[in-house]
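Q: Kindly return the folded structure for what I paste below:
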Amino acid sequence: LQVPRAPSQPAASSESRRFANKHSKKALKASLTLGILLGMFFVAWLPFFVTNVTQAVCSCVPAGFFDVLTWLGYCNSTMNPIIYPLFMRDFKRAMGKYLPCCRRSGEPRPSAISLSMRNSNSGPRAATSLKNVL
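A: Predicted coordinates for the structure are as follows:
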């Protein structure tokens, strides 16, 4: 017995492959970004925590070395706002939208009312003006 097969649809197949390929690229990029962030976190903070435990056990760590490791961790926190825009386009767009220093010329500044309406979780509403709110 042979089961009849549906005729192949090359356009749909090609489109589904392109869709899957696009999402796998996004997942790969997200994994890469997360790997870089976690890797930098461990490189910066692991020596601090190991030294902290060592200091608690034997009190043999010089204060200057401990300070250097603490500042290495602080530097990691400084790197996060640099890494996110480099690897995440959505983050870069959001920062450009809300920070005046990163906004492109000609882009309108979001109003406080539009921000509060957007951030309230009350669902979709009709557009309201300031007169209606007051």
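
Q: What is the least confident helix or strand in the chain?
A: Lowest on mean pLDDT, DSSP states H and E among the helices and strands of the chain sits helix 130-133, with a mean of 52.

Q: so where's the protein uncertain?
A: For the chain, the stretches flagged by pLDDT under 70 are 1-15, 19, 102-134.

Q: So which elements touch the lengthiest helix in it?
A: Taking DSSP state H as the criterion, the chain has its longest helix at helix 10-58. If you count contacts as 3 or more Cβ pairs under 8 Å, 6 or more residues apart in numbering; DSSP states H and E, helix 10-58 packs onto helix 63-87. For glycine as for every other residue, the C-beta is placed from the backbone atoms N, C-alpha and C.

Q: After the helix it packs on, heading C-terminal, what element do we hit next?
A: Using DSSP states H and E, the helix or strand that follows helix 63-87 towards the C-terminus is helix 89-98.
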